[in-house]
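Peer 1: I would like the atomic coordinates for the input below:
(one chain, ligands or ions: 1)
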Amino acid sequence: MKACGTVYLVGAGPGDPSLITMRGMQLLKRADVVIYDRLAPVALLSMCSTDAIKIDVGKTSDSGGDGQSAINSMLVEHAKRGMNVVRLKGGDPGVFGRAAEERAACLENGVPCVIVPGVSSCIAAPASIGLSVTQRGISRSFMVLTARGSDGSGAEDLDFSKLSGVETLIVMMGRKGLATICSGLIDAGSDPNLPVACVERATTRNQRQCSGNLETIASKAERLDLRAPMVTIIGKIASEVGDDPIAASPLWGMTVATTGSESLCTKLAEQLIASGAEPIRCPLIRIEIEDLNDALESALRKIEQYDWVAFSSSNGVRAFFKHLASLNKDCRALSTCRIASVGEQTTRQLLRHGILADVQAEVETGARLAETIVESSTAPGESVLLPRSDRALQTLPAKLGQAGMNVTQVAAYRTVALVPASYLVDQINDSADAILFASPSAVRCAADAGFRYEGKLVVCIGETTADTCQRLGIGVDAVADRASAAGMVEALARAKASSTGVAV
Ligand code: SAH
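Peer 2: Residues are numbered from 1 along each chain as shown. As a prediction, the model looks like this:
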């Protein structure tokens with residue numbers, strides 16, 4: 001029988017996906033099952049492995065007692081089948097998050113359960129408008145209160161005589177009861193001018209807020225039609241409401257589709273989250289390093305006879321050295337060859353295998369790599385081995401051939417096109433503000449899948465990918481300076497700034 005898995009009650013933070021903890025993110029990435037709530041940021045789900053089972057229990061958890069016991073059983077059942085379960089909750093799992101009940105259910109059934117704290121909205125909502133819940137000389141304590149009791153009681157049932165002396169009072173689940181709470185506090189002796197602020201959907205792109213005092217706030221919130229989820233902050237600390245500081249992130253509020261291999265999509269999604277954007281992870285290709293084929297084997301067995309070995313991607317480098325090792329050879333087999341690299345990432349990958357590239361193309365394209373090799377060749381008709389993808393473009397071998405070089409092209413790995421689920425394509429077409437492409441194959445897969453581009457920014461990893469876009473009639477807004485996930489995210493920030501007229 002499989003060993004029992006663990007249930008992790010993970011705090012997802014208040015809404016901005018970058019506010020999850022590093023531990024929470026790691027657990028999410030390797031979870032077998034993710035059971036999530038209505039308030040957990042959807043963008044975080046795109047960090048899970050594509051094989052993970054994702055279960056939305058938003059409605060179940062709203063429906064009261066029975067719903068909760070259904071969730072408890074779900075956690076136990078999946079863990080008992082040997083799966084690692086992440087129970088993803090908005091904010092912190094222990095702040096009105098029913099963590100205690102879920103943990104007890106796990107332990108009663110012999111399932112290990114770990115609580116991973118998160119940033120609660122009771123702290124994040126005030127912070128998002130520049131407020132600290134304690135402040136020297138103003139408030140030495142704060143209280144977090146729910147306006148809804150587990151017994152069905154509401155704001156009218158609160159004991160306001162106990163609450164009116166609280167220095168900072170943070171009210172959750174209190175949208176409906178706002179007017180009752182304010183008048184209850186005034187009746188119990190609080191100053192009607194006591195500052196109050198309300199924040200709806202704090203730290204998300206839809207954040208809205210208003211401020212006033214005990215007498216004015218309920219009608220202000222009504223006029224603005226503020227809705228749940230909303231946090232209300234009552235006390236002197238709420239007197240100076242500032243701007244939302246998180247909105248300063250360069251990609252704040254953008255939804256961005258990431259394409260490419262699964263691992264690249266994950267890297268991109270992490271960088272996007274850190275820059276304030278919400279990723280939609282959509283892998284369109286898979287890199288497969290298969291068993292050695294005849295052409296590659298015969299090239300590798302006489303590798304020292306080539307004047308050049310040219311690498312046009314870091315995947316090519318990884319595949320090449322894997323195959324070389326399968327023949328019991330290592331980098332020393334290349335000691336007589338000159339090595340050409342298409343760009344920085346490829347050069348870095350070569351270094352990992354103990355090879356310092358002799359030349360690197362200045363611009364990361366097949367055409368420039370060909371020119372670089374031709375310029376550096378010392379005799380006419382030198383031989384070049386190109387270990388590449390089975391779907392690689394033909395510009396590089398064609399240009400080398402035109403220059404009189406003797407080219408051998410071998411498939412070192414396969415690029416397999418993936419067909420994305422139609423709901424993912426719809427989600428991208430309907431809600432993405434930008435699409436990132438890291439290879440010509442991904443651009444072609446996106447075209448086959450029916451991606452639409454109106455009103456979206458398109459960013460490419462390099463000129464070759466951008467050429468493919470242009471050939472298919474897709475306008476490109478920016479090309480990365482560095483062919484890496486970080487380079488693409490920087491290029492997107494530039495494209496966003498120029499599309500909105502903001503200087504960076
Ligand atoms: N565990 C959560 C709270 C769950 S109770 C946490 O620690 O944040 C649900 C209540 O939390 C909502 O009714 C609302 O009062 C508050 N809330 C959660 N996320 C919020 C957000 N982004 N902005 C404002 N209020 C939020």
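
Peer 1: which other residues reach the longest strand anywhere in the chain?
Peer 2: The residue-count maximum for a strand in the chain (DSSP state E) belongs to strand 406-417. For strand 406-417, the surrounding residues in contact (CB atoms under 8 Å, 6 or more residues apart in numbering) are 284-290, 293, 295-296, 299, 306, 315-316, 318-320, 323, 381-392, 397, 400-401, 439, 441, 444-445, 448. Just so you know, the C-beta spots here come from the backbone N, C-alpha and C atoms, and that holds for glycine as well.

Peer 1: elements contacting the next helix or strand after it?
Peer 2: With elements assigned by DSSP states H and E, the helix or strand that comes after strand 406-417 is helix 422-431. Other elements packing on helix 422-431 under the criterion 3 or more CB pairs under 8 Å, 6 or more residues apart in numbering; DSSP states H and E are strand 278-281.

Peer 1: give me every residue that touches the residue in the stretch 351-500 of the chain positioned nearest to the ligand.
Peer 2: Going by CB to the nearest ligand atom, the ligand is nearest to Ser431 of the stretch 351-500 of the chain, at 19.0 Å. Contact analysis of Ser431 by CB under 8 Å, 6+ apart lists Thr255, Ile280.

Peer 1: per-residue confidence at the closest residue to Arg452 other than its chain neighbours?
Peer 2: Leaving aside its sequence neighbours, Arg452 sits nearest to Asn429 (CB to CB, 6 or more residues apart in numbering; 4.7 Å). Per-residue confidence (pLDDT) for Asn429: 97.

Peer 1: then Ala247?
Peer 2: pLDDT at Ala247 comes out at 58.

Peer 1: what are the structural domain limits within this protein?
Peer 2: What automatic domain parsing lists as the domains of the chain is 7-119, 123-240, 255-284+418-500, 287-417.

Peer 1: look up which residues are beta-bridged to whichever residue of the chain sits closest to the ligand.
Peer 2: When scored by CB to the nearest ligand atom, the chain has Gly91 as its residue closest to the ligand, at 1.9 Å. According to DSSP bridges, Gly13 are recorded as the beta-bridge partners of Gly91.

Peer 1: gap between Cys337 and Gly316?
Peer 2: Going from Cys337 to Gly316 by CB to CB, to the nearest Å gives 15 Å.

Peer 1: who has more neighbours out of the two?
Peer 2: Ranked by neighbour count (other CB atoms under 10 Å), Cys337 and Gly316 place Gly316 first, with 26 against 20.

Peer 1: in contact with that one, which residues are there?
Peer 2: With CB under 8 Å, 6+ apart, Gly316 has these contacts: Thr346, Pro387, Arg388, Ser389, Ala412, Tyr413.

Peer 1: what subset of these is also close to the ligand?
Peer 2: The subset of the contacts of Gly316 within reach of the ligand, by CB under 6 Å from any ligand atom, is empty.

Peer 1: most neighbours out of those, which is it?
Peer 2: Neighbour max across the contacts of Gly316 (other CB under 10 Å) = Ala412, 32 neighbours.

Peer 1: if I look at that one, how far off is Ala480?
Peer 2: As judged by CB to CB, Ala412 and Ala480 stand 24 Å apart.

Peer 1: so the nearest residue to Gly475 once chain neighbours are set aside bridges to which residues?
Peer 2: In space, and not counting its chain neighbours, Gly475 is closest to Val458: 6.4 Å by CB to CB, 6+ apart. Under DSSP bridges, the beta-bridge partners of Val458 are Ile435.

Peer 1: so how far is Glu364 from Val458?
Peer 2: 18 Å.

Peer 1: so between the two, which is more surrounded?
Peer 2: Glu364 (27 against 23).

Peer 1: ok so the more buried one is a helix residue?
Peer 2: No. Counting by DSSP: H, G, I helix; E, B strand; the rest coil, Glu364 falls outside a helix, being coil.

Peer 1: now do the contacts for it.
Peer 2: Contacts of Glu364 (CB under 8 Å, 6+ apart): Val342, Gly343, Glu344, Gly462, Glu463, Thr464, Ala483.

Peer 1: near the ligand, which residues of this structure?
Peer 2: 14-15, 39, 89-92, 95-97, 120-121, 125, 172-173, 199, 201-204, 228-231.

Peer 1: how does it look with 8 Å?
Peer 2: With CB under 8 Å from any ligand atom as the criterion, the chain meets the ligand at residues 11, 14-15, 39, 89-97, 118-122, 124-125, 128, 146, 171-175, 199-204, 207, 228-231.

Peer 1: give me the buried subset of those residues.
Peer 2: Among these, those scoring as buried are 11, 14-15, 39, 89-97, 118-122, 124-125, 128, 171-175, 199-204, 207, 229-231 (criterion: 16 or more other CB atoms under 10 Å).

Peer 1: these in helices, which ones?
Peer 2: Assigned to helices by DSSP state H, the following of those qualify: Ser121, Cys122, Ala124, Ala125, Ser128.

Peer 1: give me the element the residue sitting nearest the centre point of the chain is part of.
Peer 2: What sits nearest the mean C-alpha location of the chain, by CA atoms, centre = their mean, is Ala269, with 3.1 Å. Assigned by DSSP H and E, Ala269 falls within helix 262-274.

Peer 1: hmm, back to that, ok, the residue of the chain closest to the ligand touching Leu9?
Peer 2: No. Counting by CB atoms under 8 Å, Leu9 is not a contact partner of Gly91; they are 11.9 Å apart.

Peer 1: touching both of those two, which residues are there?
Peer 2: With CB under 8 Å, 6+ apart, Gly91 and Leu9 have common neighbours Gly97.

Peer 1: next, count neighbours for Gly149.
Peer 2: Gly149: 12 neighbours (other CB under 10 Å).

Peer 1: which non-adjacent residue is nearest it?
Peer 2: Nearest to Gly149 is Asp157, by CB to CB, 6+ apart, at 6.6 Å.
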